[in-house]
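Undergrad: just the structure for this:
(2 chains)
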Amino acid sequence: MSVSVSDQLIAVLPRMRRFARGLTGSAVEADDLVQAACERALTRAHQFQEGTRFDSWMFRIVQTIWIDQLRARDTRREEAEDEGVHLGTDEPGRRVEARLALEEVRNALQDLPPEQRAALMLVTVDGLSYKEAAEIAGVPVGTIMSRLARARVALQARLEAGGSLRRSTEDVKADG
Amino acid sequence: MSKPTDERLIAYLDGELGDDERAQIAHWLEQDADLRERAGELSESAALLRAAFDEVLREPVPERLMAAAHGPAAAGATLVDLAAAREQRAKPRTRERRWWVAPAAAAAIAGLIVGIGISRSVLPEQPAATNVTPAPSFVENLGGYYVHYTNADTSEGTSFDKLPPNFRVPDLKPWGLEFRGARFLMAEGHEAMQLLYSTDNKALGPVMVFVGNFSDGDRGVKFSTSGNVNVLSWRSHGHTYAITGTVNTNYLWNIHNDLAYQFDGI
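TA: Numbers count the residues shown, from 1 in each chain, chains lettered A, B, ... in the order given. A predicted model of the protein is given here:
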């Protein structure tokens, strides 16, 4: 018995939200993007090929809509809504430091070109293979490989400059 | 082979190279301290990137996305008009605090997320007993178990099984739930267990987690109800999982996300 598109959508929603969050850098924009992707998937369910990966199909839809939005939208970003970064006042200092480090990572990601951001989110964050990421992005595997390398090196440089790596390491050691 | 470039080193770290090149880079790493340091830095930044976004997996999924996934025909669907929503957001507004982010992020960065250790010693693989009639609706019957074991009249007398010393219980404290005890049982001819979590919050009520050592193949989440008890079940990696509770399905769904994440850590 095949699982319905809705059931598969529900199962992949958290990963879609994470992917979209990385692409857009905004919790609200990400959820808008995921909602649009769900709506498109349901109207085009007949296009999904049984036997292929549903999550890859959804990631491709998310990325396609996002690219369309980037092209259509004025480059001026809507005011960022950093809903995911509020800090509880009762957080221990070390935890606050850790959150700042994570926020710095998210900001550093947003400094990267869109295609590098997408490659990082698909491979480094979601754990897809280069081949799967290449299929989603519609580019050769070698392109994904070079995008990833440029992205990882640039991210590394930004985090070193911002001190995130040092802080995160100290934090993990302190917790361990 | 010349010294690996960052691109090849990253592909090595990502497990994307063939045997020959992997061996060559491994050899280089043994010989070259600078390269080892570089590999360590790249691994660390990748781990930090994952931690920065993993908290999203633990966030409650907004109802509007659940409605979108069910489609406009779903009963009670509350789809949001995206264009209207963007327009609304363009207006100044008071920022809301998201209380649930802090513990989730802290857990992510500090590696505190506790995976359940369902080892073979706890739930050994067993063939289905031939003289046991399968109960295909076992998971749906969990609503009855829930009522029995959370009923104040009977639950006081409920005896819980002793867990192995190395057994790690899924942590549902971010959801206001305290682990109370576990029971081992047979379900559909296989070993299974139920974990009971309780809370002082009457609006939330106790939650029972079921883990069965059987599966007919991976399946996404399925919702069902038994009386006023909601049952959310799924199958993954040879196990059947379910969460039961009287709290609404959206809350159970979010607990499911957390649990699935923790179970994946096995």
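Undergrad: element containing B:R183?
TA: If you go by DSSP states H and E, B:R183 is part of strand B:178-187.
Undergrad: where do the strands of chain B begin and end?
TA: B:178-187, B:190-198, B:207-212, B:219-226, B:229-236, B:239-245 (DSSP state E).
Undergrad: residues near the nearest residue to B:V169 once chain neighbours are set aside, how many?
TA: Setting aside the residues directly before and after it, B:V169 is nearest to B:F179 in space (Cβ to Cβ, 6 or more residues apart in numbering or on different chains), at 4.9 Å. Just so you know, the C-beta spots here come from the backbone N, C-alpha and C atoms, and that holds for glycine as well. Number of residues near B:F179 (other Cβ atoms under 10 Å in any protein chain shown) recorded here: 16.
Undergrad: again with the one 3 residues further on
TA: B:A182 is surrounded by 18 other residues when neighbours are defined as other Cβ under 10 Å.
Undergrad: repeat for B:L163
TA: Neighbour tally, B:L163, other Cβ under 10 Å: 17.
Undergrad: again with B:K222
TA: Here the number of neighbours of B:K222 (other Cβ under 10 Å) works out to 17.
Undergrad: now do the contacts for B:Y251.
TA: B:60, B:175, B:204, B:245 (Cβ atoms under 8 Å, 6 or more residues apart in numbering or on different chains).
Undergrad: and these, which is closest to chain A?
TA: When the contacts of B:Y251 are ranked by distance to chain A (Cβ to the nearest Cβ), B:P60 comes first, at 10.0 Å.
Undergrad: and the pLDDT for the closest residue to the closest one other than its chain neighbours?
TA: Once flanking residues are discounted, B:P60 sits nearest to B:N254: 4.1 Å by Cβ to Cβ, 6+ apart. Looking at B:N254, its pLDDT is 84.
Undergrad: try the one 3 residues further on
TA: As predicted, B:N257 sits at a pLDDT of 84.
Undergrad: count the residues that sit near it.
TA: 21.
Undergrad: quick check: which ranges of chain A have low pLDDT?
TA: In the predicted model, chain A carries pLDDT under 70 at residues A:1-3, A:74-97, A:163-176.
Undergrad: which parts of it are helices?
TA: When assigned using DSSP state H, the helices of chain A occupy the ranges A:5-24, A:27-43, A:54-72, A:93-110, A:114-119, A:130-137, A:141-162, A:164-175.
Undergrad: the spatially closest residue to B:L142 that is not a sequence neighbour pairs with what?
TA: Nearest in space to B:L142, with sequence neighbours left out and distances taken as Cβ to Cβ, 6+ apart, is B:T244 at 4.9 Å. B:T244 has these beta-bridge partners by DSSP bridges: B:M208, B:V231.
Undergrad: mind listing what B:T244 touches?
TA: With Cβ under 8 Å, 6+ apart, B:T244 has these contacts: B:142-143, B:145-146, B:207-208, B:210, B:229-232.
Undergrad: would you format those as TSV with neighbour count, distance to B:D264 and pLDDT included?
TA: Output for the contacts of B:T244, formatted as TSV (neighbours: other Cβ atoms under 10 Å in any protein chain shown; distance: Cβ to Cβ, whole Å; pLDDT from 0 to 100):
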residue	neighbour count	distance to B:D264	pLDDT
B:L142	25	22	75
B:G143	22	26	71
B:Y145	22	25	69
B:Y146	28	25	73
B:V207	25	20	91
B:M208	24	21	90
B:F210	24	17	87
B:V229	20	26	84
B:N230	23	23	86
B:V231	24	21	86
B:L232	21	17	87
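Undergrad: which one of the residues you listed is nearest to chain A?
TA: B:L232 (10.2 Å).
Undergrad: what's near enough to touch the closest one?
TA: By Cβ under 8 Å, 6+ apart, the contact set of B:L232 is B:221-223, B:242-244, B:249, B:252-253, B:256.
Undergrad: could you rerun that using 6 Å?
TA: Residues in contact with B:L232 (Cβ atoms under 6 Å, 6 or more residues apart in numbering or on different chains) are B:221, B:223, B:243, B:252, B:256.
Undergrad: okay, and the helix or strand of chain B with the least pLDDT?
TA: Lowest by mean pLDDT, DSSP states H and E among the helices and strands of chain B is helix B:101-110, with a mean of 35.
Undergrad: how deep is the nearest residue to B:E7 once chain neighbours are set aside tucked in, by neighbour count?
TA: Closest residue in space to B:E7, ignoring its immediate chain neighbours: A:A149 at 3.7 Å, by Cβ to Cβ, 6+ apart. By other Cβ under 10 Å, the residues close to A:A149 number 20.
Undergrad: quick one: A:A149 from A:R106, how far?
TA: Going from A:A149 to A:R106 by Cβ to Cβ, to the nearest Å gives 21 Å.
Undergrad: hmm, back to that, buried deepest among the helices of chain A, which one?
TA: helix A:5-24 (a mean of 24; mean count of other Cβ atoms under 10 Å in any protein chain shown).
Undergrad: does chain B sit close to that one?
TA: Yes: for helix A:5-24, a contact with chain B is found by Cβ under 6 Å from any Cβ of the partner chain, at A:6-11, A:13-14, A:17-18, A:21-22.
Undergrad: so how far is that helix off the chain centroid?
TA: Centroid separation for helix A:5-24 versus its chain: 10 Å, with Cα atoms, centre = their mean, to the nearest Å.
Undergrad: name the helices or strands packed onto that helix?
TA: In terms of contacts (3 or more Cβ pairs under 6 Å, 6 or more residues apart in numbering or on different chains; DSSP states H and E), helix A:5-24 is packed against helix A:27-43, helix A:54-72, helix B:33-58, helix B:63-70, strand B:219-226.
Undergrad: what angle do helix A:130-137 and that helix make with each other?
TA: Put simply, helix A:5-24 runs at 90 degrees to helix A:130-137, going by axes from the mean of the first three to the mean of the last three Cα atoms, to 10 degrees.
Undergrad: before we move on, back to that, quick one: residues in contact with the strand holding B:R183.
TA: So strand B:178-187 is contacted by B:138, B:160-161, B:163, B:169, B:192-198, B:212 (Cβ under 6 Å, 6+ apart).
Undergrad: farthest pair within these?
TA: B:F138 and B:S198 (23.3 Å; Cβ to Cβ).
Undergrad: dump the residue contacts of B:S43.
TA: If you count contacts by Cβ under 6 Å, 6+ apart, then B:S43 has B:L13 around it.
Undergrad: my bad, B:K222
TA: B:S233.
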